[in-house]
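Engineer: build me a model from this:
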Amino acid sequence: MIHRRAMLAAAGAAAAMAGAARAAPFRRRDLEGAWTLATYTDVERPKEVAGLVMTEAEARAYEAPRRQFGGMLPSKPGEVGQTESEFTDRGDGLARVHGQIRSSWIVDPPDGRIPYRPEVVARLGLDKTPPPEHLDNPEDRPGNERCVANAASGAPMLGGADANLFQIVQTRDWVAIQIEKYHDVRMVRLSAGGMAPAPPSWMGQSVGRWEGDTLVVETAGLRPGLTHRGGRAYVSGETRVVERFTRTGPAELFYEFTVEDPTLFTRPWRGEMAIQAARGRLFEYACHEGNYSLPGILAGARLEERQAAAAKGGT
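Structural biologist: Reported below is the predicted structural model:
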(Lines give C-alpha, C1' and ligand atoms only; values in the text may rest on other atoms or scores of the structure.)
Protein backbone atom coordinates (compact mmCIF):
# COMPACT_ATOMS: atom_id res chain seq x y z
CA MET A 1 0.00 0.00 0.00
CA ILE A 2 1.18 3.53 -0.79
CA HIS A 3 0.96 5.74 2.28
CA ARG A 4 0.40 8.97 0.32
CA ARG A 5 -0.36 11.13 3.35
CA ALA A 6 2.84 10.03 5.02
CA MET A 7 4.82 10.70 1.85
CA LEU A 8 3.31 14.15 1.40
CA ALA A 9 3.98 14.95 5.04
CA ALA A 10 7.55 13.90 4.42
CA ALA A 11 7.55 16.12 1.34
CA GLY A 12 6.58 19.11 3.46
CA ALA A 13 9.27 18.34 5.99
CA ALA A 14 11.83 17.93 3.24
CA ALA A 15 10.89 21.32 1.78
CA ALA A 16 11.35 23.03 5.13
CA MET A 17 14.80 21.49 5.42
CA ALA A 18 15.80 22.06 1.79
CA GLY A 19 18.25 24.83 2.62
CA ALA A 20 20.03 22.79 5.23
CA ALA A 21 20.11 19.75 2.95
CA ARG A 22 21.83 21.69 0.19
CA ALA A 23 24.56 22.82 2.54
CA ALA A 24 25.29 19.29 3.81
CA PRO A 25 27.38 16.68 1.98
CA PHE A 26 25.22 14.82 -0.51
CA ARG A 27 24.82 11.11 -1.12
CA ARG A 28 24.81 9.95 -4.73
CA ARG A 29 21.49 8.12 -4.47
CA ASP A 30 19.84 10.91 -2.49
CA LEU A 31 17.61 12.91 -4.86
CA GLU A 32 15.51 14.50 -2.12
CA GLY A 33 14.96 18.22 -1.97
CA ALA A 34 13.24 21.10 -3.72
CA TRP A 35 14.37 21.70 -7.31
CA THR A 36 13.60 24.07 -10.18
CA LEU A 37 13.28 23.58 -13.94
CA ALA A 38 13.45 27.33 -14.56
CA THR A 39 15.65 28.43 -17.48
CA TYR A 40 15.50 30.70 -20.53
CA THR A 41 16.34 27.60 -22.59
CA ASP A 42 13.29 26.11 -24.32
CA VAL A 43 12.67 22.45 -25.08
CA GLU A 44 13.10 23.09 -28.81
CA ARG A 45 15.88 25.16 -30.33
CA PRO A 46 14.79 28.56 -31.65
CA LYS A 47 14.92 28.66 -35.43
CA GLU A 48 17.23 31.67 -35.34
CA VAL A 49 19.87 29.77 -33.32
CA ALA A 50 22.24 27.57 -35.33
CA GLY A 51 23.62 25.03 -32.85
CA LEU A 52 23.14 23.39 -29.48
CA VAL A 53 26.02 25.20 -27.77
CA MET A 54 26.08 29.00 -27.67
CA THR A 55 29.01 31.32 -27.05
CA GLU A 56 29.01 33.81 -24.18
CA ALA A 57 28.43 36.65 -26.66
CA GLU A 58 25.50 34.81 -28.28
CA ALA A 59 24.01 34.09 -24.87
CA ARG A 60 24.23 37.73 -23.77
CA ALA A 61 22.51 38.87 -26.98
CA TYR A 62 19.75 36.28 -26.52
CA GLU A 63 19.19 36.99 -22.82
CA ALA A 64 19.31 40.80 -22.89
CA PRO A 65 15.83 41.52 -24.37
CA ARG A 66 14.31 38.86 -22.09
CA ARG A 67 15.68 39.96 -18.73
CA GLN A 68 13.09 42.67 -18.07
CA PHE A 69 10.28 40.10 -18.01
CA GLY A 70 11.96 37.13 -16.36
CA GLY A 71 12.98 35.32 -19.52
CA MET A 72 10.08 36.30 -21.79
CA LEU A 73 10.07 38.70 -24.73
CA PRO A 74 7.88 41.83 -24.50
CA SER A 75 4.46 41.61 -26.12
CA LYS A 76 4.18 42.53 -29.78
CA PRO A 77 2.00 45.47 -30.89
CA GLY A 78 -1.64 44.44 -30.81
CA GLU A 79 -1.16 41.68 -28.23
CA VAL A 80 -2.95 41.86 -24.88
CA GLY A 81 0.18 42.36 -22.79
CA GLN A 82 0.21 39.01 -21.00
CA THR A 83 3.99 39.07 -20.65
CA GLU A 84 3.87 42.43 -18.91
CA SER A 85 0.97 41.61 -16.58
CA GLU A 86 1.83 38.10 -15.37
CA PHE A 87 4.56 36.71 -13.15
CA THR A 88 7.18 34.67 -14.97
CA ASP A 89 9.82 32.46 -13.40
CA ARG A 90 12.42 31.29 -15.89
CA GLY A 91 15.53 31.52 -13.78
CA ASP A 92 18.56 33.71 -14.37
CA GLY A 93 19.38 32.93 -18.00
CA LEU A 94 20.10 30.18 -20.48
CA ALA A 95 20.90 26.73 -19.12
CA ARG A 96 24.46 25.68 -18.40
CA VAL A 97 24.89 21.93 -18.89
CA HIS A 98 28.32 20.33 -18.48
CA GLY A 99 29.79 23.82 -18.70
CA GLN A 100 28.09 24.52 -22.03
CA ILE A 101 25.48 27.21 -22.69
CA ARG A 102 22.58 25.31 -24.23
CA SER A 103 20.06 26.61 -26.78
CA SER A 104 17.59 23.71 -26.29
CA TRP A 105 16.79 20.82 -24.00
CA ILE A 106 16.73 18.55 -27.05
CA VAL A 107 20.15 17.17 -27.96
CA ASP A 108 18.97 14.60 -30.49
CA PRO A 109 17.87 15.08 -33.30
CA PRO A 110 20.79 17.43 -33.97
CA ASP A 111 18.50 20.25 -35.14
CA GLY A 112 16.98 20.46 -31.65
CA ARG A 113 13.41 20.04 -32.89
CA ILE A 114 10.74 17.45 -32.01
CA PRO A 115 10.63 15.03 -35.00
CA TYR A 116 6.88 14.95 -35.61
CA ARG A 117 5.51 12.82 -38.43
CA PRO A 118 4.44 14.97 -41.44
CA GLU A 119 0.76 14.05 -41.04
CA VAL A 120 0.87 15.07 -37.36
CA VAL A 121 2.40 18.42 -38.30
CA ALA A 122 -0.39 19.00 -40.81
CA ARG A 123 -3.15 17.82 -38.46
CA LEU A 124 -2.03 20.01 -35.56
CA GLY A 125 -0.95 22.95 -37.71
CA LEU A 126 2.55 22.87 -36.21
CA ASP A 127 3.96 24.33 -39.43
CA LYS A 128 2.00 27.54 -38.87
CA THR A 129 3.04 30.52 -36.71
CA PRO A 130 1.33 30.57 -34.32
CA PRO A 131 -0.27 27.11 -34.51
CA PRO A 132 -4.09 27.29 -34.68
CA GLU A 133 -6.09 26.99 -31.47
CA HIS A 134 -8.56 24.15 -31.10
CA LEU A 135 -11.75 25.55 -29.61
CA ASP A 136 -14.41 22.94 -30.35
CA ASN A 137 -14.51 21.14 -26.98
CA PRO A 138 -13.05 21.39 -23.47
CA GLU A 139 -10.91 18.33 -24.26
CA ASP A 140 -9.24 20.26 -27.08
CA ARG A 141 -7.80 22.82 -24.69
CA PRO A 142 -4.33 22.33 -23.14
CA GLY A 143 -4.17 20.42 -19.86
CA ASN A 144 -2.26 23.35 -18.38
CA GLU A 145 -5.16 25.68 -19.13
CA ARG A 146 -7.65 23.19 -17.67
CA CYS A 147 -5.67 22.87 -14.42
CA VAL A 148 -5.26 19.11 -14.83
CA ALA A 149 -1.64 18.77 -15.98
CA ASN A 150 1.23 21.15 -16.64
CA ALA A 151 4.53 20.86 -18.47
CA ALA A 152 6.37 19.49 -15.43
CA SER A 153 3.75 16.85 -14.55
CA GLY A 154 4.43 13.36 -15.79
CA ALA A 155 7.19 12.41 -18.18
CA PRO A 156 9.18 14.00 -19.59
CA MET A 157 9.38 16.86 -17.10
CA LEU A 158 9.56 20.12 -19.06
CA GLY A 159 10.02 23.70 -17.92
CA GLY A 160 7.46 26.44 -18.41
CA ALA A 161 7.01 30.18 -18.08
CA ASP A 162 6.15 29.95 -14.39
CA ALA A 163 5.87 27.60 -11.39
CA ASN A 164 8.86 25.42 -12.24
CA LEU A 165 9.36 24.11 -8.72
CA PHE A 166 9.12 20.46 -7.81
CA GLN A 167 10.14 18.27 -4.90
CA ILE A 168 11.46 14.74 -4.61
CA VAL A 169 10.82 12.51 -1.60
CA GLN A 170 12.29 9.00 -1.40
CA THR A 171 11.62 5.83 0.53
CA ARG A 172 13.10 2.38 0.02
CA ASP A 173 10.31 1.35 -2.36
CA TRP A 174 8.97 4.60 -3.80
CA VAL A 175 10.03 7.99 -5.15
CA ALA A 176 7.43 10.77 -5.06
CA ILE A 177 7.80 13.74 -7.43
CA GLN A 178 5.53 16.57 -6.33
CA ILE A 179 4.99 19.49 -8.71
CA GLU A 180 4.16 22.88 -7.22
CA LYS A 181 1.80 23.89 -10.02
CA TYR A 182 -1.55 22.12 -9.51
CA HIS A 183 0.23 20.05 -6.80
CA ASP A 184 0.43 16.93 -8.96
CA VAL A 185 2.29 14.00 -7.39
CA ARG A 186 3.87 11.31 -9.55
CA MET A 187 4.53 8.05 -7.72
CA VAL A 188 7.50 6.07 -9.04
CA ARG A 189 7.50 2.46 -7.87
CA LEU A 190 11.01 1.03 -7.43
CA SER A 191 10.73 -2.46 -8.83
CA ALA A 192 12.60 -4.91 -11.02
CA GLY A 193 9.35 -6.54 -12.02
CA GLY A 194 8.23 -4.03 -14.63
CA MET A 195 4.81 -2.43 -14.95
CA ALA A 196 1.62 -3.94 -13.61
CA PRO A 197 -1.70 -3.50 -15.46
CA ALA A 198 -3.22 -0.12 -14.64
CA PRO A 199 -5.78 2.23 -16.21
CA PRO A 200 -4.34 5.09 -18.29
CA SER A 201 -3.90 8.45 -16.56
CA TRP A 202 -2.61 11.99 -17.11
CA MET A 203 0.81 11.12 -15.69
CA GLY A 204 0.89 7.46 -16.69
CA GLN A 205 2.51 4.68 -14.70
CA SER A 206 6.16 5.11 -13.68
CA VAL A 207 8.48 2.31 -12.59
CA GLY A 208 12.04 2.99 -11.49
CA ARG A 209 15.29 1.17 -10.79
CA TRP A 210 18.80 2.16 -9.79
CA GLU A 211 21.63 1.73 -12.28
CA GLY A 212 24.65 2.60 -10.20
CA ASP A 213 23.97 6.10 -8.85
CA THR A 214 21.36 6.91 -11.53
CA LEU A 215 17.62 6.51 -11.02
CA VAL A 216 16.13 5.21 -14.28
CA VAL A 217 12.36 5.73 -14.62
CA GLU A 218 10.22 4.20 -17.36
CA THR A 219 6.76 5.69 -17.94
CA ALA A 220 3.87 4.46 -20.09
CA GLY A 221 0.10 4.20 -19.75
CA LEU A 222 -0.67 7.85 -20.50
CA ARG A 223 -4.25 8.81 -21.25
CA PRO A 224 -5.52 8.03 -24.77
CA GLY A 225 -5.47 10.81 -27.31
CA LEU A 226 -3.19 13.82 -27.33
CA THR A 227 -2.00 15.62 -24.21
CA HIS A 228 -0.49 19.06 -24.75
CA ARG A 229 2.57 19.31 -22.50
CA GLY A 230 3.59 22.94 -23.05
CA GLY A 231 5.06 24.67 -26.09
CA ARG A 232 4.90 22.35 -29.10
CA ALA A 233 5.28 19.16 -27.03
CA TYR A 234 2.57 16.51 -27.19
CA VAL A 235 2.32 12.97 -25.84
CA SER A 236 -0.31 10.29 -26.41
CA GLY A 237 -1.48 6.97 -25.07
CA GLU A 238 1.25 5.30 -27.15
CA THR A 239 4.10 7.37 -25.73
CA ARG A 240 6.86 5.74 -23.70
CA VAL A 241 9.45 7.80 -21.83
CA VAL A 242 12.70 6.77 -20.16
CA GLU A 243 14.15 9.29 -17.69
CA ARG A 244 17.48 9.29 -15.88
CA PHE A 245 18.10 11.30 -12.68
CA THR A 246 21.69 11.61 -11.41
CA ARG A 247 22.81 13.67 -8.41
CA THR A 248 25.92 15.53 -9.55
CA GLY A 249 26.41 17.87 -6.59
CA PRO A 250 24.79 19.35 -3.48
CA ALA A 251 22.69 21.71 -5.62
CA GLU A 252 22.36 19.97 -9.00
CA LEU A 253 20.62 17.04 -10.67
CA PHE A 254 21.47 15.90 -14.19
CA TYR A 255 18.24 14.97 -15.97
CA GLU A 256 18.04 12.99 -19.23
CA PHE A 257 15.01 11.65 -21.09
CA THR A 258 14.15 9.76 -24.27
CA VAL A 259 10.65 9.91 -25.81
CA GLU A 260 9.30 7.26 -28.20
CA ASP A 261 5.94 7.21 -29.97
CA PRO A 262 5.72 5.91 -33.57
CA THR A 263 2.24 7.40 -33.94
CA LEU A 264 3.58 10.93 -33.35
CA PHE A 265 7.30 10.94 -34.14
CA THR A 266 9.50 9.70 -36.99
CA ARG A 267 12.17 8.67 -34.49
CA PRO A 268 12.86 8.80 -30.74
CA TRP A 269 14.02 12.16 -29.41
CA ARG A 270 16.26 12.86 -26.47
CA GLY A 271 16.78 15.81 -24.13
CA GLU A 272 18.84 16.69 -21.11
CA MET A 273 19.02 19.46 -18.52
CA ALA A 274 20.99 20.44 -15.43
CA ILE A 275 18.32 20.97 -12.76
CA GLN A 276 19.24 23.36 -9.95
CA ALA A 277 18.27 23.32 -6.28
CA ALA A 278 15.40 25.70 -5.52
CA ARG A 279 16.13 28.81 -3.46
CA GLY A 280 13.03 28.32 -1.32
CA ARG A 281 10.28 25.90 -0.46
CA LEU A 282 7.14 24.92 -2.34
CA PHE A 283 3.81 26.61 -1.67
CA GLU A 284 0.27 25.85 -2.74
CA TYR A 285 -0.43 26.79 -6.34
CA ALA A 286 -4.20 27.10 -6.58
CA CYS A 287 -5.66 27.16 -10.08
CA HIS A 288 -8.94 28.88 -10.97
CA GLU A 289 -11.41 26.50 -9.36
CA GLY A 290 -14.01 25.19 -11.76
CA ASN A 291 -11.95 26.44 -14.73
CA TYR A 292 -13.91 29.68 -14.75
CA SER A 293 -12.17 30.92 -17.88
CA LEU A 294 -12.96 27.81 -19.94
CA PRO A 295 -16.69 28.54 -20.52
CA GLY A 296 -15.72 32.02 -21.68
CA ILE A 297 -13.10 30.69 -24.09
CA LEU A 298 -15.51 28.20 -25.65
CA ALA A 299 -18.43 30.67 -25.66
CA GLY A 300 -16.24 33.18 -27.48
CA ALA A 301 -15.41 30.57 -30.12
CA ARG A 302 -19.11 29.76 -30.60
CA LEU A 303 -19.90 33.48 -30.95
CA GLU A 304 -17.22 33.89 -33.61
CA GLU A 305 -18.64 30.90 -35.47
CA ARG A 306 -22.17 32.36 -35.41
CA GLN A 307 -20.88 35.73 -36.58
CA ALA A 308 -18.93 34.11 -39.41
CA ALA A 309 -21.98 32.08 -40.44
CA ALA A 310 -24.19 35.20 -40.36
CA ALA A 311 -21.69 37.17 -42.42
CA LYS A 312 -21.45 34.37 -44.98
CA GLY A 313 -25.24 34.11 -45.21
CA GLY A 314 -25.56 37.84 -45.75
CA THR A 315 -23.20 37.97 -48.72
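Engineer: confidence-wise, which helix or strand of this structure is lowest on average?
Structural biologist: helix 18-23 (a mean of 43; mean pLDDT, DSSP states H and E).
Engineer: what's the first helix or strand after that helix?
Structural biologist: Next helix or strand after helix 18-23 toward the C-terminus (DSSP states H and E): strand 33-36.
Engineer: for that following strand, which strands pair with it and how are they oriented?
Structural biologist: Here strand 33-36 is paired, per DSSP bridges, with strand 165-170 (antiparallel), strand 269-277 (antiparallel).
Engineer: list the contacts of stretch 248-260.
Structural biologist: The contact list for stretch 248-260 (Cβ atoms under 8 Å, 6 or more residues apart in numbering) reads 22-26, 31, 35, 97, 155-157, 235, 239-247, 265, 268-277. Using the backbone N, CA and C atoms, a C-beta is placed for each residue, glycine as well.
Engineer: for stretch 91-109, buried residues please.
Structural biologist: 91, 93-97, 101-107, 109 (16 or more other Cβ atoms under 10 Å).
Engineer: now swap in stretch 31-47 and tell me
Structural biologist: Result for stretch 31-47 [16+ other Cβ under 10 Å]: buried residues 31-45.
Engineer: again with stretch 272-290
Structural biologist: Quick answer for stretch 272-290 (16+ other Cβ under 10 Å): 272, 273, 274, 275, 276, 277, 278, 281, 282, 285, 287.
Engineer: what's the neighbour count on the closest residue to residue 165 other than its chain neighbours?
Structural biologist: Among residues not flanking residue 165 along the chain, residue 180 sits closest, at 4.0 Å (Cβ to Cβ, 6 or more residues apart in numbering). The local packing of residue 180 (other Cβ atoms under 10 Å) involves 23 other residues.
Engineer: now the one 10 residues further on
Structural biologist: Neighbour count of residue 190, defined by other Cβ under 10 Å: 16.
Engineer: and it, what are its bridge partners?
Structural biologist: residue 208.
Engineer: quick check: it vs residue 257, distance?
Structural biologist: Using Cβ to Cβ, to the nearest Å, residue 190 is found at 18 Å from residue 257.
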